[in-house]
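>>> Coordinates for the following, if possible.
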Amino acid sequence: MFDALRALLAPFWSCSRGRTAAQRDATDRSASPLLIYVAAALFLLLSILVIDLYRDELQALGLVDGAEQVNPVFMSP
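Take a look at the predicted model:
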């Protein structure tokens, strides 16, 4: 599993290692690809949490279907 994760993130680390000191000048204002990846992942997590938090309101508006049933095996006694 670790090898798959490392292979997935390898392009982000390789682009930052190959830069020279002149390329890392203060005038370079481009965002790191790893930073963009982390920001997108955090945005996705936040959106999932917000949808879960406001599920009742979204069901009242008809935006979320309430047909999902929780399997009783996963419920506490």
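>>> Please make it C-alpha for all contacts and neighbour counts, starting now.
Will do.
>>> Neighbours of residue 5, how many?
Counted by other Cα atoms under 10 Å, the residues lying close to residue 5 total 9.
>>> does residue 38 sit in a helix, a strand or a coil?
Secondary structure state of residue 38, per DSSP: H, G, I helix; E, B strand; the rest coil, is helix.
>>> Model confidence for it, exactly?
For residue 38, the model assigns a pLDDT of 93.
>>> The one 10 residues further on now?
Note for residue 48: predicted pLDDT of 91.
>>> what's the neighbour count on it?
Around residue 48 there are 11 residues (other Cα under 10 Å).
>>> could you measure it against residue 54, distance?
Residue 48 sits 10 Å away from residue 54, going by Cα to Cα, to the nearest Å.
>>> Where does the prediction get shaky in the chain?
Low-confidence segments of the chain, defined by pLDDT under 70: 1-2, 13-29, 66, 77.
>>> where along it do the helices fall?
2-17, 33-53, 55-61 (DSSP state H).
>>> can I get those helices in a markdown table with distance to residue 67?
Supplementary listing: the helices of the chain in a markdown table, determined by distance: least, Cα to Cα, whole Å:
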| stretch | distance to residue 67 |
| --- | --- |
| helix 2-17 | 34 |
| helix 33-53 | 15 |
| helix 55-61 | 10 |
